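Peer 1: please work out how this folds:
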Amino acid sequence: MSTLAASGLPQLDRAEAYLPALTLRLAAGLRGLEPERAARHRDFLRRCQQDDGGFSGRAGGSDPYYTSFAVRALFLLGELSRPLCDSVGDYLKRWPIRRAEPSRPATLIDHLSWLYTASTIALASGGNVPGRFSEEIAELPATFELFRSADGGYARTHAAASGSTYHTFLVAVGYDLLGRRPPDTDAMMGFVLSRRRDDGGFVEAGPMGRSGTNPTAAAATLLLRFGRIEADVRAGIDRYWTEARDPQGGFRANPRVPAADLLSTFTAIVTAEALGFEDVVDPNGTAQLVSSLERPDGGYRGAVWDDAADPEYTFYGLGVTALLRRRPTQPFGRPAT
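Peer 2: The predicted model follows:
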C-alpha cells in the first residue's frame, strides 16, 4: 500500500478515474509531436504563469480555472516538471478554497478547477503531492453539496434555482477523483434525462428548447458512467452529433452557430468515441480547423472569430490534436447536414 493510500487520502492519480485516464490517453496521442511545435506551446503556457505559481487567462492575474487548463496542457506536452509542480502546489495551498473572497465569491468551477489541478500534479508526481492538501481535499464533498439544486443537479453558484448539465458532469468527475460516488445518483440521472430534447441532444438549462453540443457531451458521459443510457437516447445523440458537425470540420456549439470551435470539437469527439460513433468525425476537416486556430507563437484561439489564445483553448487544441493522432486510418463516410 502506498503512503498516500495508507494516509486515508484519495489517490488522485488513479489511472482508472475518468480524468486521469483521459489525460493519459491524450498525452499518449501527443508523443512524437514535432519538438519545435511542442516547444512553442510550452513557452506560451509558461508565459501565462504568474509570480504566485498560478496561471492567468486573458484578463491577467492567477485564476484556478486557467491554472487547471495550463497544468493539464503542460502535462500533455510532457512539460510538467517537479519544480513546476511545486510552484503550482504553492499556489493551490494559498488559494482560499475554504472561504469565499468578499470581492469574488468562489464558484463551483473554482473548487473543481482546484481539484483537477491537484489531480494532475498527483499524476505527474506519482501521487505524492496531495498530502499537502489533506484538509482541503477532505472538505470538498461537503463543498460540492452546497451547490446541489432541488432538481437533482449541481448549479454554478449557491443561489441558482436549478442545476447546470455541464456543472453536474464536472461534479461527477470531481467525486470520481475522490474515489466516491455522488449522493443520490438516481436524482442526478433524473435531472440529466429531464434536459433531453426532441432534437436528440441535451440542453444546459431547463427553459432551453434546443440542445447544445457541450451539455449533450456532458449528459452522454454521465449516462454512460452510471449505466443509464438507453438505445433511443444513444440514437438521438448520434442524430444530434451529425447535425452539430460543421461541414468544414469540427463541431459547432449548436447546429445554428456559423462555425466550429475547439471546446465543442473536443467534447464531441471524446464522447463520440465513447459511444462508438467515430464515423461522425471528419478527421481531415477537423485537422484543418485545428491548424487554422494554432498561433505561430504558441497557443490556440478558440474559433475563427477569436483573436487571442489562452490556456483553456490551448488545452483543447492540443487535446483535439492528440485525439486525431490516435485515430485509426479510416474513410469518413457520414454526410454533413
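Peer 1: now for the longest helix along the chain, which elements pack on it?
Peer 2: Using DSSP state H, we find that the single longest helix of the chain is helix 108-125. In terms of contacts (3 or more CB pairs under 8 Å, 6 or more residues apart in numbering; DSSP states H and E), helix 108-125 is packed against helix 18-30, helix 64-76, helix 82-94, helix 134-145, helix 165-177. Where you see a C-beta, it was placed from the backbone N, CA and C, and this is true even at glycine.
Peer 1: comparing those helices, which comes out most buried?
Peer 2: Greatest average neighbour count among the helices and strands packed on helix 108-125 goes to helix 64-76 (a mean of 26), per mean count of other CB atoms under 10 Å.
Peer 1: report the angle between that helix and helix 108-125.
Peer 2: If you take axes from the mean of the first three to the mean of the last three CA atoms, to 10 degrees, helix 64-76 sits at 20 degrees to helix 108-125.
Peer 1: helix 64-76 - contacts with which helices or strands?
Peer 2: Applying 3+ CB pairs under 8 Å, 6+ apart, one finds that helix 64-76 contacts helix 18-30, helix 35-47, helix 82-94, helix 108-125, helix 311-326.
Peer 1: low-confidence ranges in the stretch 101-250 of the chain?
Peer 2: Applying pLDDT under 70 to the stretch 101-250 of the chain flags residues 101-105, 127-130, 159.
Peer 1: contact partners for the closest residue to Cys48 other than its chain neighbours?
Peer 2: Spatial nearest neighbour of Cys48, chain neighbours left out: Phe55 (4.7 Å); criterion: CB to CB, 6 or more residues apart in numbering. Counting by CB atoms under 8 Å, 6 or more residues apart in numbering, Phe55 touches Leu45, Cys48, Gln49, Ser62, Asp63, Tyr66, Thr67, Phe69, Ala70, Val71, Pro311.
Peer 1: repeat the analysis, applying 10 Å as the threshold.
Peer 2: Applying CB atoms under 10 Å, 6 or more residues apart in numbering to Phe55 gives the contacts 45-49, 61-71, 73-74, 88, 91, 117, 310-311.
Peer 1: from Met208, how far off is it?
Peer 2: Distance of Phe55 to Met208, computed by CB to CB, to the nearest Å: 32 Å.
Peer 1: got it, and Glu136?
Peer 2: For Glu136, the distance to Met208 (CB to CB) stands at 35 Å.
Peer 1: one more: Ala260?
Peer 2: 20 Å.
Peer 1: which of these two has more neighbours?
Peer 2: Higher neighbour count among Ala260 and Met208: Ala260, with 27 against 15, using other CB atoms under 10 Å.
Peer 1: apart from its chain neighbours, what residue comes closest to that one?
Peer 2: The spatially closest residue to Ala260, leaving aside those adjacent along the chain, is Gly250, at 3.1 Å (CB to CB, 6+ apart).
Peer 1: would you agree Glu145 is in contact with Arg180?
Peer 2: No: between Glu145 and Arg180 there is no contact under CB atoms under 10 Å: 11.6 Å.
Peer 1: sec struct for Ala253, please.
Peer 2: The three-state assignment at Ala253 reads coil, by DSSP: H, G, I helix; E, B strand; the rest coil.
Peer 1: run through the residues that contact it.
Peer 2: Residues near Ala253 by CB under 10 Å, 6+ apart: 212-215, 244, 259-261, 263-265, 267-268, 303.
Peer 1: list phi and psi for it.
Peer 2: Dihedral angles of Ala253 (phi, psi; degrees, to the nearest 10) stand at phi -60, psi -30.
Peer 1: show me what the helix or strand harbouring Ala218 is packed against.
Peer 2: Applying DSSP states H and E as the criterion places Ala218 in helix 213-225. The helices and strands touching helix 213-225, judged by 3 or more CB pairs under 10 Å, 6 or more residues apart in numbering; DSSP states H and E, are helix 165-177, helix 185-194, helix 231-244, helix 262-275.
Peer 1: closest one to Leu22 among the ones you listed?
Peer 2: Comparing these by their distance to Leu22 (CB to CB), the top pick is helix 262-275, with 7.0 Å.
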